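**Q** give me a 3D structure for the following:
(one chain, ligands or ions: 2)
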Amino acid sequence: MRRRGYLAGAVGLLSLTGLPYLAYLGAYALKRPHGSPATKRPAEPTVSVVLPTYNEQRIVESKLEEIVALEYPLEKVEVVVVDSSDDRTPELVEAFFRDLQAPTLTLICEDERRGLAPALNEAYAAASGEMVVKTDCDSRIDGNALREAAANLADPAVGAVTGRNAEVLGGSGVERGYRDVQALVQTLESHLDSTLIFHGPFCAFEREAIVPIDEDSIADDSELALKIRKGGKRAVFDPAIEYKEAAHSGFAKRRKQKDRRAMGLVRLLWRQRDMLGGYGAYGRAVLPFNWWFMVVSPWLVVSLCGLLLVGGLLAGLLPGLVVLAGGLLTVLLGSRDALGPLQPLYAVFDTQVSLFRAGLRLLGGEGDGTWEVDLELREVYDD
Ligand code: GDD
Ligand code: MN
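**A** Residues are numbered from 1 along each chain as shown. Ligands and ions are numbered 1, 2, ... in the order given. Predicted structure coming up:
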């Protein structure tokens, strides 16, 4: 009897967890969104490319090479590097621009590292371009990214645009699976109104729409996009803007970066909870969905795992061990990209694990705005 109760509980919990996802799927089927929702037209605004750096001496020159190779009139481009390093990064940056006519360089050197958010606030305040693009040093962007972004911002209703992870450097299938699902979700959100998540490798903002971000922010890009939506302009995802970024597949290695990013997003949702219900479909559909995905459903997923295990153990030692072994095997295979067609599902599970841990850590008072830079992830950018 008890066993049935557990089974019914597990099925009920699974259905409850999945309900909002089904609703989103339904909305997707109805809307069939495609590409950016902006009315794109060719535009050539002046651009500030903001590049934050913390001890990037190993890869900063290759990043600058990429920026000066972008397909855009370089006399319209300014590069704003905001640096908090204690290595040779700032010297390398200065040397790189020494004999260059265009783009011009604005180099902001911080006396001490205070975190990415304060550094970006400074850089945004110094930026003079009509369009401000932020890109992480450890990322690669497509040659026409500036043009595509400018075309989106030419729509007066749009104040911010982010791009799509087109290639996971290092080849992580877990990350690929997650990014593909995420791209579908973000396309739908953008067509409904605006999307929540903005990606560090590429974000473009209308300079006039930029407002300061919280100094302890660990989700600077998404926070700025959300605040721009708060200010009345849309923040959209355009899959035509492509970037590449490195990621791990291994379960433990993924936790470090992913848990932090998850913490940033969960805290952002919490701090901006007054936006729920307002701001058109953004507050009525997009934010509630993200609340479900990031705040509520991770606890349900973990409870579900617990329920399955306890249910199995109650049925006997053997069924209990089978459930446990099944779970461990899934994680083992999943983090080696060996789950075949189930890989995207595992990727979503992996994200839920991070979001659960993020919730716990935030409740425990964590959430510092500085972190250790992952050197291993930077190996693929070496030229
Ligand atoms: N100036 C400055 N000061 N730059 C920093 C600092 C800092 O204290 N910390 C990190 N950076 C720079 C790095 O040099 C890199 O160019 C970029 O910020 C991203 O840092 P990563 O260490 O690579 O972090 P990530 O890949 O996990 O970053 C992602 O998550 C962050 C939020 O947790 C990105 O999407 C970031 O944009 C995002 O803020
Ligand atoms: Mn990074």
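
**Q** contacts, neighbours, all on C-alpha from now
**A** Fine.

**Q** can you list the domains in this structure?
**A** Per the TED database, the domain ranges recorded for the chain read 1-20+292-364, 47-285.

**Q** which one of these is the most hemmed in?
**A** domain 47-285 (a mean of 20; mean count of other Cα atoms under 10 Å).

**Q** how long is that one end to end?
**A** Using Cα to Cα, to the nearest Å, the end-to-end distance of domain 47-285 comes to 33 Å.

**Q** spell out which parts of the chain neighbour ligand 1.
**A** 52-54, 56, 82-84, 113-116, 119, 136-138, 199-200, 218-220, 257, 260-261, 370, 373 (Cα under 6 Å from any ligand atom).

**Q** so which of those are in helices?
**A** The helices, defined by DSSP state H, take in 116, 119, 220, 257, 260-261 from the residues of the chain next to ligand 1.

**Q** out of these, flag the one nearest to Glu167.
**A** The nearest member of those to Glu167, counting by Cα to Cα, is Gln257 at 18.0 Å.

**Q** can I get the CA coordinates of stretch 197-212 in CSV?
**A** Output of stretch 197-212 as CSV, limited to C-alpha atoms (Å, rounded to 0.1, in the frame of the first residue of the first chain):
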residue,chain,number,x,y,z
ILE,A,197,18.7,35.5,-19.7
PHE,A,198,21.4,37.5,-21.5
HIS,A,199,24.7,35.8,-22.4
GLY,A,200,28.1,37.1,-21.3
PRO,A,201,29.8,36.4,-24.6
PHE,A,202,27.5,38.8,-26.4
CYS,A,203,25.0,41.4,-25.3
ALA,A,204,24.2,44.7,-27.0
PHE,A,205,22.4,47.6,-25.3
GLU,A,206,21.2,51.0,-26.5
ARG,A,207,23.4,53.3,-24.5
GLU,A,208,20.6,55.6,-23.5
ALA,A,209,18.7,52.7,-22.0
ILE,A,210,21.6,51.6,-19.7
VAL,A,211,21.2,52.0,-16.0
PRO,A,212,23.6,50.9,-13.2
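
**Q** let me see the mean pLDDT of that stretch.
**A** Averaging pLDDT along stretch 197-212 gives 98.

**Q** about what we covered before: dump the ones in helices among the residues of the chain next to ligand 1 to JSON lines, plus pLDDT.
**A** Formatted as JSON lines, these follow (pLDDT from 0 to 100):
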{"residue": "Leu116", "pLDDT": "97"}
{"residue": "Ala119", "pLDDT": "98"}
{"residue": "Asp220", "pLDDT": "98"}
{"residue": "Gln257", "pLDDT": "90"}
{"residue": "Arg260", "pLDDT": "94"}
{"residue": "Arg261", "pLDDT": "95"}
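
**Q** which two from those end up farthest apart in space?
**A** Longest span within these, Cα to Cα: Ala119 and Gln257, 19.5 Å.

**Q** related to what we said a few turns ago, ok, of the domains of the chain, where does mean pLDDT dip lowest?
**A** domain 1-20+292-364 (a mean of 91).

**Q** who's in contact with Val266?
**A** Neighbour list for Val266: 294-295, 355, 358-359 [criterion: Cα atoms under 8 Å, 6 or more residues apart in numbering].

**Q** kindly recompute the last result at 6 Å.
**A** Listed by Cα atoms under 6 Å, 6 or more residues apart in numbering, Val266 has no contact partners.

**Q** that one: which element?
**A** Using DSSP states H and E, Val266 sits in helix 251-271.

**Q** Pro239 too?
**A** Going by DSSP H and E, Pro239 is part of strand 234-246.

**Q** strand partners of that strand, parallel vs antiparallel please.
**A** Strand 234-246 sits in its sheet next to strand 140-141 (antiparallel), strand 158-169 (parallel), going by DSSP bridges.

**Q** need those strands in JSON lines (columns: distance to Pro288).
**A** Shown next, in JSON lines, are the strands paired with strand 234-246 (distance: least, Cα to Cα, whole Å):
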{"stretch": "strand 140-141", "distance to Pro288": "31"}
{"stretch": "strand 158-169", "distance to Pro288": "21"}
